[in-house]
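1. here you go, sequence then predicted model.
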Amino acid sequence: MICPGAAGRRWLVALGLLLAASPAAGHPAANPTEPRPVSTAKEPAHLPPVPIPDLSRLDPPVQLALREARAHLDSVLARGAEPQADLAETYGETGMLYQAHLLFAPAQACYRNAMRLQPRDHRWPYYLGYAYEQQGQPRQAAPYYAAALERKPDLAVARLRLGRVYLDLGRFQKAAPLLQTAVRIPALKGAASFSLGELAYARQDFAQAVHWLEQTLRVDPKATRAQYTLGLAYRSLGNLVQARRHLALRGEAEPELPDPLVDALLKLSTGQRMLFKYAVDAVRRGEYEHAVHMFREGLALDGDNLDARVSFARALYLNGDKRGAKLELEAVLEREPRRALAQFLLGVLNDETGDAQAAMEHLRRATATAPEHPGAHFYLANILMRRGAYAQAARHYALSLHQEPDNTYARLREILALIKSSAPQSILRQRLESAYARDPTNTDFAYLLGALLAASPDAAVRNGPRAVTVARALYQAKHTPQYGELLAMAYAQVGDFSKATDLQTEALATAVAQGRTDLQSRLLANLSLFQANKPCRSPWPDRKNLVVKLPATDAFRAFKDYPTDAAY
């Protein structure tokens, strides 16, 4: 998942959860033409110049609005006799227009000049702090929110935003009093309660976290992001029933935060690009019907924007219109077949609706266009796995892991596919050792590795003492028949058949008591070996059934969360 930093998730999270930020977003790092000095008019000597951004990628209405605003600023500067307060207003309003269209470098320059000319006005440091927060830079945002609060101590929303920034920075002692003051304001109660809940959870005060997050949901039931932390807090308190209930309801929508200053920014935006941004924001909030409407409005002005059309297809799917999403993706691919994201999404959609052959074709095209596309390789491997093409599945899981090495599901499935395809024992040990080293708490990796070390038919792969260590840790944590048998296999490998027999007998008795008829014949067979002082030479006697049934394709998650380099 491509995602901004902790503070940035609040204000720019839609550009990372469903869709990543557009190249036209105006962030300095994405716009090599910034900064450039102002051309004709000159600022007063004590004020730095405002850079001229590259507007060529913006929609014509936006370009017109920004050029007119800049021309007005230049004309005011050219006259040179403007009252200081009026010049500050001109700088500030020009900065607001730039910020409304995510052109942060000139916006920030405008606000700094306005602050110098109008040092007691709270608006300019507030907007400057908000601009930094939009870019995921809480450390830079904090002093400007503090400056806004110093200029206007009753600006409660600045108190809340500063508290949230300190929370994101881990400065809990500074965050707490700000948030506790903000929560007393009725309009801010939901948002402040949510932040207090996050603060309490970060401090491991799980009872207080539950208190504040429950209050958040009473004030704003649509704030589904609170469900996640609330579920974790209940789990930490040992209330697993409530934990499961709230975790099942988790989403991305944060509590509403009434903010007249930010609302004033939004009213300045124009053009289809902003319609697309509003659509992405609506997706983040789970307002899929509204997102569909916004995308339609934007595409009516810019029908050739294929990035936006792919995003529109995603919104259609999330709003329940799978057929519309499929038609939109097919239309995009008719015009540009080498769009890997569209091929990937169409493959996932076909797999979900039961057309595995069409799904494979689209996913293969996605990997042909983008050979390192981790999602396409992963979903293609799942289909191949279900079809019994284990060697091919293992290859695609490995290609997916090359880009996403932390995907534990892909790593486990690659290993299972290798086992099912009768890969060399040395390769299996190498993969399992690597997986176990990355995640020694993963019981699947530990079990598979322990069995291989204890019972591999390849003498060069077996390692009895290490098998005992791995198996004993599993068995001590949980006395299951499988783990008991695993430890018995390990003891048999080191020649302690008495312990192996005792453990195997206990494992068989447990399986019988639990009604595990699926295990009993295998346990009996190994018990006979150990009683005859013979080690096991089959790591996974039930290899045929080793791979559990793969879950159904979760297309909703792919459509909602899979990242893109260009949302519109």
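-> Nice, thanks for sending it over. Residues are numbered from 1 along each chain as shown.
2. switch to C-alpha atoms for all contacts and neighbour counts from now on
-> Will do.
3. how about the strands in the chain?
-> Using DSSP state E, the chain contains no strands.
4. give me the longest helix you can find in it.
-> The longest helix of the chain (DSSP state H) is helix 60-79.
5. for that one, name the packing helices and strands.
-> Using 3 or more CA pairs under 8 Å, 6 or more residues apart in numbering; DSSP states H and E, the elements in contact with helix 60-79 are helix 84-100.
6. for the helix it packs on, which residues meet the burial criterion?
-> By neighbour count on 16 or more other CA atoms under 10 Å, the buried set for helix 84-100 is 87-100.
7. among those residues, find me the one that's closest to Leu167.
-> Proximity of the buried residues of helix 84-100 to Leu167 (CA to CA) peaks at Gln99, which lies at 24.5 Å.
8. how near is Leu399 to Ala435?
-> Note on Leu399: its distance to Ala435, by CA to CA, to the nearest Å, is 15 Å.
9. which of those two has more neighbours?
-> Leu399 (24 against 20; other CA atoms under 10 Å).
10. OK, contacts around that one?
-> Glu372, Pro374, His377 (CA atoms under 8 Å, 6 or more residues apart in numbering).
11. return the closest of those residues with respect to Arg296.
-> Pro374 (30.0 Å).
12. pull the longest helix of the chain out as CSV, backbone CA atoms only.
-> This file holds the C-alpha atoms of helix 60-79, laid out as CSV (Å, rounded to 0.1, in the frame of the first residue of the first chain):
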residue,chain,number,x,y,z
PRO,A,60,-8.2,25.3,-18.4
PRO,A,61,-10.7,26.8,-15.8
VAL,A,62,-8.1,26.3,-13.1
GLN,A,63,-5.3,27.8,-15.1
LEU,A,64,-7.5,30.8,-15.9
ALA,A,65,-8.4,31.3,-12.2
LEU,A,66,-4.8,31.0,-11.0
ARG,A,67,-3.4,33.3,-13.8
GLU,A,68,-5.9,35.9,-12.9
ALA,A,69,-5.1,35.8,-9.3
ARG,A,70,-1.4,36.0,-10.0
ALA,A,71,-1.9,38.9,-12.4
HIS,A,72,-3.8,40.7,-9.6
LEU,A,73,-1.0,40.1,-7.1
ASP,A,74,1.6,41.4,-9.7
SER,A,75,-0.4,44.5,-10.4
VAL,A,76,-0.7,45.3,-6.6
LEU,A,77,3.0,44.8,-6.2
ALA,A,78,3.7,47.0,-9.3
ARG,A,79,1.7,49.9,-7.9
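13. hmm, Asn407 is touching Ala398, no?
-> No - using CA atoms under 8 Å, Asn407 makes no contact with Ala398, being 10.6 Å away.
14. looking at these two, which is more packed in?
-> Neighbour count, other CA under 10 Å: between Asn407 and Ala398, Ala398 has more, with 22 against 15.
15. ok, Ala158 - contacts?
-> Tyr126, Tyr145, Ala146, Ala148, Leu149.
16. go through stretch 316-335 and flag the buried ones.
-> So stretch 316-335, judged by 16+ other CA under 10 Å, has buried residues 316-319, 322, 324-326, 328-333.
17. now the two most distant members of those.
-> Spatially, the most separated pair among these is Asn319 and Leu333, at 21.4 Å (CA to CA).
18. got the contact list for stretch 521-532?
-> Here stretch 521-532 has contacts from 485, 492, 497-498, 500-501, 504-505, 507-508, 535-536, 541-542, using CA under 8 Å, 6+ apart.
19. closest one of those residues to Asn350?
-> Taking those together and measuring to Asn350 by CA to CA, the closest member is Asp542, at 32.6 Å.
20. all helices of the stretch 251-400 of the chain, in order?
-> Assigned by DSSP state H, counting those that start in this stretch, the helices in the stretch 251-400 of the chain fall at 260-266, 272-284, 288-301, 306-318, 322-335, 340-352, 356-369, 374-386, 390-403.
21. rewinding a little: among the contacts of stretch 521-532, which are in helices?
-> Glu485, Ala492, Phe497, Ser498, Ala500, Thr501, Gln504, Thr505, Ala507, Leu508.
22. from those residues, which would you call buried?
-> The neighbour count (16+ other CA under 10 Å) marks Glu485, Ala492, Phe497, Ala500, Thr501, Gln504, Thr505, Ala507, Leu508 as buried among the ones in helices among the contacts of stretch 521-532.
23. is it true that Gly251 touches Gly231?
-> No - counting by CA under 8 Å, Gly251 sits too far from Gly231 to count as a contact (11.8 Å).
24. more crowded one of the two?
-> Gly231 (25 against 17).
25. measure the more buried one to Leu217 for me?
-> Distance of Gly231 to Leu217, computed by CA to CA: 12 Å.
26. break this protein into its domains for me.
-> Listed domain ranges for the chain are 284-423+554-561, 443-537 (source: automatic domain parsing).
27. which one of the contacts of Leu399 has the most neighbours?
-> That'd be His377 among the contacts of Leu399, by other CA under 10 Å, with 25 neighbours.
28. so that residue makes contact with Ala368?
-> No - using CA under 8 Å, His377 is not in contact with Ala368; the gap is 10.4 Å.
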